[in-house]
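>>> here is a sequence together with a model predicted from it:
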Amino acid sequence: MSDSLLFIIFYSLVGMLAVYVTYSAFQWGKVGKGGLSWLFLAGLTAAFSGWCLTLSIASAPPALPLLVQNFLDQHLTAPVLVLLWLGSFCLIFFGRRFFLQPHITSLAMLGVLLFLGLSLENPAFRAKALLPDNIAVMITFGLFLFFLWAGLGQAYWNDERRAKGLVVMEKRYRGRVYTWPDLVYTELIVAVLISAVLLFWSLLVPAPLEPPADPSITPSITKAPWYFVGLQELLVYTGEWIAGFTLPVLIFLSLLALPYLDQRKGEGRGVVASGYYTVAERKLGIFAFLFGLWGIWMLLIFMGTFFRGPHWNWVGLFTSPEALPVMVVEKVNFSPVVWEVFSVAIPDSPLLRELPGILLLVGYLVLLTFLLGKFPLRHFRQAVTPRKFYLVTTLLLLMFLIPTKIICYWWFDLGYFVSLPEYFCSV
């Protein structure tokens with residue numbers, strides 16, 4: 001497929017979405033919940049989308065300004081990306097009443113698509129984005145965000161209905177859905193549609209096969225498949241056993257256990273809040289689950305896919321990996337720095353050598369667990385058993401340790417808090 005045809009198809013879809021956003025903002029404004037400001041913004045975006053489509057038909061699609069590209073490449077470092085990623089996640093989760101409005105969600109999605117379309121004019125970005133593996137990554141991210149929006153939207157309306165004393169939306173449908181023929185027919189139709197999509201995709205996008213292996217040529221970097229590239233990124237910040245086995249297993253088991261650990265009673269029901277979408281009645285469990293899945297796992301995949309180049313160097317979105325020199329930065333561990341500050345000889349015993357780092361991690365877990373139980377998670381601590389509370393907070397703090405470690409690695413050149421290669425343990 002030629003680039004001009006690709007841009008025409010892309011901006012045609014964006015234009016249809018822009019028309020829907022304008023109509024949605026108009027309908028929202030008529031009932032007094034959006035006003036003319038949202039209608040003006042949506043109409044302006046629709047006009048800009050039409051202009052992009054017109055230029056694409058003329059084989060001159062618009063591009064992101066060079067000033068913006070240089071700014072993003074210079075300032076969008078790993079710590080900034082982590083802070084923006086987690087900040088946007090918290091903003092959407094706690095401000096879901098605002099962000100789940102149809103015209104807000106559609107406008108945000110339209111902005112992301114327009115940014116993607118403008119960025120595709122950059123050769124380095126296009127080379128990354130249109131790799132067969134990376135196309136799958138972008139589709140996965142889009143589907144995840146769609147189902148997250150659908151689930152949180154259902155939960156929000158259920159919480160609103162519960163606050164008004166109404167039954168949840170799931171309880172309004174009292175009819176039965178039978179396995180045969182309803183479920184089987186639906187699964188058959190979905191299987192046929194997915195098979196057709198995969199067949200069309202295999203004809204349109206070539207398989208990401210590399211040349212035959214040559215023992216005389218060593219590639220600069222070999223990236224894992226996109227579903228494992230998060231582990232490869234995690235390996236930068238922790239030891240092999242921690243990154244390759246301990247943390248993935250711990251996070252996976254934590255995500256499985258969280259729905260069973262946060263089993264508070266539904267408000268006024270006397271039973272566990274289950275069988276329907278809700279956030280208000282199981283806020284901590286849902287937040288921790290989404291934080292582990294989106295705030296950590298998806299973040300690591302995104303970083304490893306779009307920001308890593310040869311020799312696993314950090315590469316900007318709009319920078320060609322071949323244009324950057326190989327950067328080797330020496331990292332320092334926490335415990336030797338502490339011994340050096342106090343002018344004490346480093347002990348020979350591995351455990352004594354890493355005692356400052358061990359005390360730091362233990363203090364991090366103990367102190368923050370105490371503070372969480374006193375302030376933000378006070379109601380959760382009172383509603384569940386102490387064992388469940390300590391287990392949930394420990395799992396949450398261990399997950400939060402990963403973005404903390406990434407920030408310390410890049411901003412303070414910190415290698416490990418605790419480095420015990422003798423015991424295959426480095427964090």
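Here it is on my side, so go on. Numbering: from 1, shown residues only.

>>> neighbours around residue 64, how many?
A count of neighbours around residue 64, defined by other C-beta atoms under 10 Å, yields 20. Quick note: C-beta positions are derived from backbone N, CA and C, even for glycine.

>>> same check, this time on residue 63
The burial count for residue 63: 15, using other C-beta under 10 Å.

>>> what residues are up against the residue nearest to it when sequence neighbours are not counted?
Spatial nearest neighbour of residue 63, chain neighbours left out: residue 121 (3.4 Å); criterion: C-beta to C-beta, 6 or more residues apart in numbering. Contact partners of residue 121, counting by C-beta atoms under 8 Å, 6 or more residues apart in numbering, are 61-64.

>>> tell me which element residue 121 is part of?
Secondary structure from DSSP states H and E places residue 121 outside every helix and strand.

>>> just give me the least confident of the contacts of residue 121.
Minimum pLDDT for those is recorded at residue 61 (81).

>>> quick check: next helix or strand after the helix or strand hosting residue 17?
Secondary structure assigned from DSSP H and E places residue 17 in helix 3-30. Counting by DSSP H and E, the next helix or strand C-terminal to helix 3-30 is helix 35-57.

>>> after that next one, next one along is what?
Beyond helix 35-57 toward the C-terminal end (DSSP H and E), the next one is helix 66-75.

>>> quick check: buried residues in that following helix?
Residues of helix 66-75 classed as buried by neighbour count (16 or more other C-beta atoms under 10 Å): 69, 72.

>>> next: stretch 128-143.
With burial defined by 16+ other C-beta under 10 Å, the residues of stretch 128-143 counted as buried are 128-129, 131, 134-138, 141.

>>> redo the residues you listed as a markdown table? Include secondary structure.
Shown next, in a markdown table, are these (DSSP: H, G, I helix; E, B strand; the rest coil):
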| residue | secondary structure |
| --- | --- |
| 128 | helix |
| 129 | helix |
| 131 | coil |
| 134 | helix |
| 135 | helix |
| 136 | helix |
| 137 | helix |
| 138 | helix |
| 141 | helix |
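
>>> now pLDDT and distance to residue 207 too, for the residues you listed, in CSV please.
Formatted as CSV, these follow (pLDDT from 0 to 100; distance: C-beta to C-beta, whole Å):
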residue, pLDDT, distance to residue 207
128, 85, 18
129, 85, 18
131, 83, 11
134, 85, 14
135, 84, 12
136, 83, 11
137, 86, 16
138, 86, 17
141, 88, 21
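
>>> adding distance to residue 93, write those residues out as CSV.
Output for the buried residues of stretch 128-143, formatted as CSV (distance: C-beta to C-beta, whole Å):
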residue, distance to residue 93
128, 29
129, 27
131, 31
134, 27
135, 28
136, 26
137, 23
138, 22
141, 17
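
>>> which one of those is nearest to residue 370?
Nearest to residue 370 among these: residue 141, at 36.6 Å, using C-beta to C-beta.

>>> list the helices and strands the helix or strand where residue 389 lies packs on?
Using DSSP H and E, residue 389 sits in helix 386-411. Under the contact criterion of 3 or more C-beta pairs under 8 Å, 6 or more residues apart in numbering; DSSP states H and E, helix 386-411 touches helix 78-94, helix 247-261, helix 283-290, helix 355-374, helix 378-383.

>>> elements contacting the fourth one?
In other words, helix 355-374. Partner elements for helix 355-374 (3+ C-beta pairs under 8 Å, 6+ apart): helix 334-341, helix 386-411.

>>> nearest residue to residue 118 in space, please, no chain neighbours.
Using C-beta to C-beta, 6+ apart, the nearest residue to residue 118 is residue 64, at 4.1 Å.

>>> list the contacts for residue 241?
424-425 are the contacts of residue 241 under C-beta under 8 Å, 6+ apart.

>>> flag the shaky bits of this structure, pLDDT-wise.
Within the chain, the segments meeting pLDDT under 70 span 1-3, 27-38, 174, 219-221, 263-274, 322-329.

>>> can you list the domain ranges for it.
Annotated domains of the chain cover 176-207, 329-426 [automatic domain parsing].

>>> point out the most buried one among the ones you listed.
domain 329-426 (a mean of 15; mean count of other C-beta atoms under 10 Å).
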